[in-house]
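Undergrad: From the sequence below, what's the structure:
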Amino acid sequence: MLIASVWRFKGPQAGEERLFSPVGEAHGSEEITVWPARPAPAPWLPPASQKRGPAWVYDVFTPPEIRHDPATGRFLVAGESKPAALVTAAAGTAAWQLVTVEREPFPLQLTGHVGGEVSYLGIFENVATGETVLAGAGRTFPELGLRIVRFAVESRSVAIPESMTVQERIALAVMRNPATGEEVQLTDRQPAHLPGLRARLRRLPGDGEEVIVREQDVVALGDRRYRIDKIRLAPPAVELSQIAPESPVPERRTLVPAASLSDPP
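TA: Got it, this is the predicted structure:
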């Protein structure tokens, strides 16, 4: 009685197997090469949308056409429209219109100087009141919490664009906050600023009343109250959120200058 058996060996190529089946001493053994079946090709799935929206699809050869919206400071893709909440500030018939966004000015500005070599005085302007005073070292401004610790007029080289360098007299003042010891240098060559931003809003409809707001200030919009969450300088915009403890999701709005709303996309 012949008992059949099969011997299995790994072939020289990856995935190849060779089977040897003995058929008897007179006939030797029979070699059978078995090649593994090729896997089916993986399907080419369509690209998935990104988190920013259904229109944000990155195909291999056709990435989305992206543009910058100057009114909102957001990037949009072709076919994607602005959310309505980002371009309106109306609540009923009342609204605030964003006029401008600017850097927060230092409360006291050095605008010029008068006098002679040994008796120079600086011309200082109180930004809040518009009052102008002549003052030198030692003068205190208690309403602003500032004191002039040094004032001088120096001759410095000033480069004129596309021309020569000239010598000009420049007024310099070192201001100190007595409470904190912090010092700031002012010059009559350029305005001084604080680190923050402020925005100017105009009431509509009405007589054009304007107010200056800063981050975390609260403004009324119709019968609603909004907190200033963020002020952006470029592009200019003010982000607000409604103060409504009973609402789990606060309503958010973004104010932009009126000119930005009329700009073509």
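Undergrad: use CA for all of it now, contacts and neighbours both
TA: Noted.
Undergrad: So in this structure, which strand runs the longest?
TA: strand 146-159 (DSSP state E).
Undergrad: and it, what's its mean pLDDT?
TA: Strand 146-159 shows a mean pLDDT of 90.
Undergrad: Return the list of helices and strands in contact with that strand.
TA: The contact analysis (3 or more C-alpha pairs under 8 Å, 6 or more residues apart in numbering; DSSP states H and E) places strand 146-159 against strand 140-141, strand 165-176.
Undergrad: mind checking which of the ones you listed is nearest Ser157?
TA: Closest to Ser157 of the helices and strands packed on strand 146-159, according to C-alpha to C-alpha: strand 165-176, at 4.6 Å.
Undergrad: how about that closest one: buried residues?
TA: Neighbour-count burial for strand 165-176 flags Ile170, Ala171, Leu172, Ala173, Val174, Met175, Arg176 (criterion: 16 or more other C-alpha atoms under 10 Å).
Undergrad: right, and the helices and strands packed on strand 146-159 - which one's nearest Leu121?
TA: Nearest to Leu121, of the helices and strands packed on strand 146-159 and by C-alpha to C-alpha, is strand 165-176 at 8.9 Å.
Undergrad: Describe which strands the closest one pairs with in its sheet and in which direction.
TA: Applying DSSP bridges to the sheet, strand 165-176 is found paired with strand 146-159 (antiparallel), strand 183-187 (antiparallel).
Undergrad: quick one: buried residues of the first one?
TA: Burial within strand 146-159, assessed by neighbour count using 16+ other C-alpha under 10 Å, is assigned to Leu146, Arg147, Ile148, Val149, Phe151, Ala152, Val153.
Undergrad: Can you tell me which of those is closest to Ile228?
TA: Taking C-alpha to C-alpha as the measure, Ile228 lies nearest Leu146 of those, at 28.2 Å.
Undergrad: still on that earlier bit, want to try a markdown table for the buried residues of strand 165-176, with distance to Ile231 and pLDDT as columns?
TA: Shown next, in a markdown table, are these (distance: C-alpha to C-alpha, whole Å; pLDDT from 0 to 100):
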| residue | distance to Ile231 | pLDDT |
| --- | --- | --- |
| Ile170 | 33 | 92 |
| Ala171 | 33 | 94 |
| Leu172 | 31 | 96 |
| Ala173 | 30 | 96 |
| Val174 | 29 | 97 |
| Met175 | 28 | 97 |
| Arg176 | 28 | 96 |
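Undergrad: what element comes up after the one helix or strand in the chain whose mean pLDDT sits lowest heading to the C-terminus?
TA: In the chain, the helix or strand scored least confidently by mean pLDDT, DSSP states H and E is strand 90-91, which has a mean of 41. Counting by DSSP states H and E, the element after strand 90-91 in chain order, helix or strand, is strand 94-105.
Undergrad: Export the next helix-or-strand element following that following strand to PDB, keeping only CA atoms.
TA: Per DSSP H and E, the first helix or strand lying C-terminal to strand 94-105 is strand 108-114. Output in PDB follows, covering the C-alpha atoms of strand 108-114 (Å, rounded to 0.1, in the frame of the first residue of the first chain):
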ATOM      1  CA  LEU A 108       0.800 111.700  27.800                       C
ATOM      2  CA  GLN A 109       2.400 112.600  24.500                       C
ATOM      3  CA  LEU A 110       5.500 114.800  23.900                       C
ATOM      4  CA  THR A 111       4.600 116.900  20.800                       C
ATOM      5  CA  GLY A 112       7.400 119.500  20.700                       C
ATOM      6  CA  HIS A 113       9.700 121.800  22.700                       C
ATOM      7  CA  VAL A 114      10.300 125.500  23.300                       C
END
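Undergrad: which other residues reach strand 108-114?
TA: Strand 108-114 has contacts (C-alpha atoms under 8 Å, 6 or more residues apart in numbering) with 120-127, 171, 173, 186-189, 191-192.
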